[in-house]
Each structure stands twice: as structure tokens, then as C-alpha cells.
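Peer 1: the sequence isn't on hand, but the structure is:
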């Protein structure tokens with residue numbers, strides 16, 4: 001008897017992610033809809049969101065081993081610097097209100113929801129999210145390329161992951 005290999009179709013990624021910066025969570029392992037909605041939606045402000053996790057290995061050799069073996073070490077999650085538009089002459093404008101919320105030294109959480117339309121799917125209990133505890137770092141300006149058509153003024157900001165990342169967390173009511 002032949003068994004067909006599992007071949008899931010995958011999910012489209014474009015437009016299917018929503019990212020919110022939240023300054024306060026009572027329980028990061030169960031963020032509520034109200035807490036998330038009170039946050040700052042960065043979904044259409046950021047040029048990208050790139051978290052990555054690496055895990056070290058530890059080599060073990062014992063007297064009786066013929067070969068060294070590996071065990072898993074600690075995992076480290078990092079987030080690439082975020083990049084977003086800003087108005088240098090009116091940074092407090094309503095269109096760029098997120099600029100003030102992302103002040104250097106501010107602590108909070110980035111909540112990343114994937115697999116639902118960023119523009120049409122509202123936050124609801126039972127959705128699955130990833131929760132990143134972070135501190136926002138220094139800003140630096142992105143160089144202006146006068147030859148690039150449609151170039152926008154942007155700033156880049158470092159993000160430090162400051163605690164345990166919680167993946168596949170269920171949003172509470």
C-alpha cells in the first residue's frame with residue numbers, strides 16, 4: 001500500500017500579517033483584545049518585520065563515547081531594526097502618531113498576528129499571535145537616494161528582545 005506524502009498548500013503571506021506595539025499587558029501569555037486594540041498598530045507603518053531565532057548546540061564527549069554528540073543549547077531571538085516613514089517637520093502629526101509611541105528606551109511588546117488579512121480582519125479572542133517583549137533603541141536616519149523615484153523620508157530603529165518570546169499564544173476575550 002502506498003501512502004502519498006503530505007504536501008500542504010501553504011498560506012499566502014502578502015497582506016496577511018498585523019503587528020501592534022503594546023505598552024502594557026497584564027499577562028503576556030494571554031493578551032486581551034482590549035489590550036491589543038489599545039496598542040499602536042504598526043502593520044502599514046513598517047517596511048518589514050524580521051524576527052529570527054537561532055539555537056546553539058553544545059558538544060558532549062564522555063569517556064566511553066566513540067563519537068562526540070550534540071545537545072541543544074539556548075535559543076536567542078533577535079528582531080532586525082524596524083524602518084518607517086516620518087515627518088521631520090511635524091513628527092507629532094496624526095498621520096505619524098506612531099513616531100512618538102516608538103520613543104527610544106520605551107518598553108513593551110510587539111504582537112504579531114499572521115494568517116488573517118491585515119486590513120479587514122479585526123482582533124478577536126481565540127486568534128493566535130506571537131508576543132515579543134522588547135525595548136526600543138536609538139533611531140537613525142535612512143540615507144536619501146535622490147535618484148530613487150517615490151523615495152520617502154524614513155528612520156531606522158533598533159529593537160532589543162528583552163525576555164522570553166511567546167509563540168502561538170491565544171488572544172483572550
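Peer 2: Sure thing, it's come through. Quick caveat: nothing in here was measured; it's all calculated off a predicted structure.
Peer 1: where in this protein is pLDDT low?
Peer 2: Judged against pLDDT under 70, the low-scoring parts of the chain cover residues 1.
Peer 1: look up phi and psi at the nearest residue to residue 152 once chain neighbours are set aside.
Peer 2: Closest residue to residue 152 in three dimensions, ignoring its sequence neighbours and counting by C-beta to C-beta, 6 or more residues apart in numbering: residue 85, at 5.0 Å. To be clear about C-beta, it is placed using only N, CA and C from the backbone, and glycine gets the same treatment. According to degrees, to the nearest 10, the main-chain angles of residue 85 amount to phi -70, psi 160.
Peer 1: isn't residue 85 up against residue 154?
Peer 2: Yes: counting by C-beta atoms under 8 Å, residue 154 is a contact partner of residue 85 at 5.6 Å.
Peer 1: now residue 30: which helix or strand?
Peer 2: With the criterion set as DSSP states H and E, no secondary-structure element contains residue 30; it sits in neither a helix nor a strand.
Peer 1: what's the distance between it and residue 77?
Peer 2: When distances are taken as C-beta to C-beta, to the nearest Å, residue 30 and residue 77 turn out to be 20 Å apart.
Peer 1: quick one on the thing from earlier: anything in contact with each of residue 85 and residue 154?
Peer 2: Among the neighbours of residue 85, none is also in contact with residue 154 (C-beta atoms under 8 Å, 6 or more residues apart in numbering).
Peer 1: identify the residues contacting stretch 49-66?
Peer 2: When contacts are defined by C-beta under 8 Å, 6+ apart, stretch 49-66 is touched by residues 17, 19, 42, 68-80, 82, 110, 112, 130, 132, 161, 165.
Peer 1: so how far is the first residue of that stretch from its last?
Peer 2: Criterion C-alpha to C-alpha, to the nearest Å; first-to-last residue distance in stretch 49-66 is 45 Å.
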